[in-house]
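Colleague: Turn this into a model:
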Amino acid sequence: MFQGQIDLDTAIPVEATAIPDVLFERGLYWASGRSGVVNLVAAHKWFNLAALKGRADAISMRREVAAMMSDAEIATAQREARAWMTAY
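Modeller: Okay, here's the model as predicted:
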């Protein structure tokens, strides 16, 4: 359990400081089924965001995941990535 104080005046959301490695790790999480469920739409979304933030190897991972997805699933992942970018 967290014990301490958070300075709410200087605190910023994690999403605002997300780095490409964290986004890439999210993609791996969903692509590998670490949660017990493989979610290719979520994996594609996170790899796409990591690639947009400069993580070069995310591009090949996104392509690998996309090869296993339908066009509708890819479109959904792209919409979710755009929504995430505009929200954060």
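Colleague: now the nearest residue to residue 19 once chain neighbours are set aside: how far from residue 66?
Modeller: Using CB to CB, 6 or more residues apart in numbering and skipping the chain neighbours, the partner closest in space to residue 19 is residue 53 (7.1 Å). C-beta coordinates here come from the backbone N, C-alpha and C atoms, glycine included. Using CB to CB, to the nearest Å, one gets 18 Å for the distance from residue 53 to residue 66.
Colleague: Who has more neighbours out of those two?
Modeller: Per other CB atoms under 10 Å, whichever of residue 53 and residue 66 has more neighbours is residue 66, with 19 against 16.
Colleague: wait, isn't the residue nearest to residue 19 in contact with residue 23?
Modeller: Yes - under the criterion of CB atoms under 8 Å, residue 53 makes contact with residue 23 at 6.0 Å.
Colleague: who's in contact with residue 33?
Modeller: Residue 33 makes no contacts at all, as judged by CB atoms under 8 Å, 6 or more residues apart in numbering.
Colleague: If I look at it, what pLDDT would I see?
Modeller: With respect to pLDDT, residue 33 scores 92.
Colleague: So it versus residue 55, what's the distance?
Modeller: Counting by CB to CB, the gap from residue 33 to residue 55 is 21 Å.
Colleague: Show me the shaky parts of this structure.
Modeller: Residues of the chain that meet the criterion pLDDT under 70 lie in 1-4, 6, 11-18.
Colleague: show me where it has helices.
Modeller: For the chain, the helices defined by DSSP state H occupy 20-32, 40-52, 57-66, 71-87.
Colleague: Relative to residue 9, which of those is closest?
Modeller: Taking CB to CB, helix 71-87 is the member of the helices of the chain nearest to residue 9, at 22.6 Å.
Colleague: Could I get the buried residue list for the closest one?
Modeller: 74, 76, 77, 80, 81, 84 (16 or more other CB atoms under 10 Å).
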